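**Q** following is a predicted model, sequence given first.
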Amino acid sequence: MIQISKYIGLTIIGLILFNIHPLNADPPQIPARISGTLSINGTTLTDSTARGFHIYVTKSDGTSYSPESSDTDGLSENFYTLYIPFSGSVVATQGEEAKIHVSKSGVEATITSPVGGVFTVGEAGSSSQINIQGDIDLQPGLKIIF
């Protein structure tokens, strides 16, 4: 009788461990990709003029995704690229609203297109072009020249 309950106990422990083992986890989903041009104060920025700009996406309520969805290394071939996570601890779901932010030196730009920076997240693995237009005043009274 002790032998049988010993095997039943080991079997139950084995089933529990097997069910929580990472091999049973769903594979990570491919992030949604958005990319496009960045225009600030009416000027379309290039690789050299966009230095120091930080472009990132949050949930519409301002909650940051985790992993983070940001582009801090400047433009590449005059385009920004962001990946919106569908796997991680704070992730997107298809069809939810998200918000694009652009800042430089800690000053946030006012995004005029898409209006308020708001857009709808596509499906996992999708790729969309969203050209960003915004206005920023880094030093009141001084015009930014690119």
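**A** Received the coordinates, thanks. Worth saying up front: this structure is predicted, and the values here are computed from it rather than measured.
**Q** got the residue ranges for the strands in this structure?
**A** Using DSSP state E, the strands of the chain run over residues 32-36, 38-40, 43-44, 53-59, 64-71, 80-84, 97-104, 107-108, 110-113, 118-120, 127-129, 132-135.
**Q** closest to V91 out of the ones you listed?
**A** V91 lies closest, by Cβ to Cβ, to one member of these: strand 64-71, at 6.6 Å. No exception for glycine: its C-beta is placed from N, CA and C like everyone else's.
**Q** buried set for the closest one?
**A** Of the residues in strand 64-71, Y65, S69, S70, D71 count as buried by neighbour count, 16 or more other Cβ atoms under 10 Å.
**Q** middle-most residue in this structure, spatially?
**A** S69 (2.5 Å; Cα atoms, centre = their mean).
**Q** now the strands of the chain in CSV, with mean pLDDT and distance to V91?
**A** CSV is the format used below for the strands of the chain (pLDDT from 0 to 100; distance: least, Cβ to Cβ, whole Å):
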stretch, mean pLDDT, distance to V91
strand 32-36, 97, 10
strand 38-40, 96, 25
strand 43-44, 96, 31
strand 53-59, 96, 10
strand 64-71, 94, 7
strand 80-84, 96, 8
strand 97-104, 96, 11
strand 107-108, 94, 24
strand 110-113, 97, 23
strand 118-120, 97, 16
strand 127-129, 96, 17
strand 132-135, 97, 22
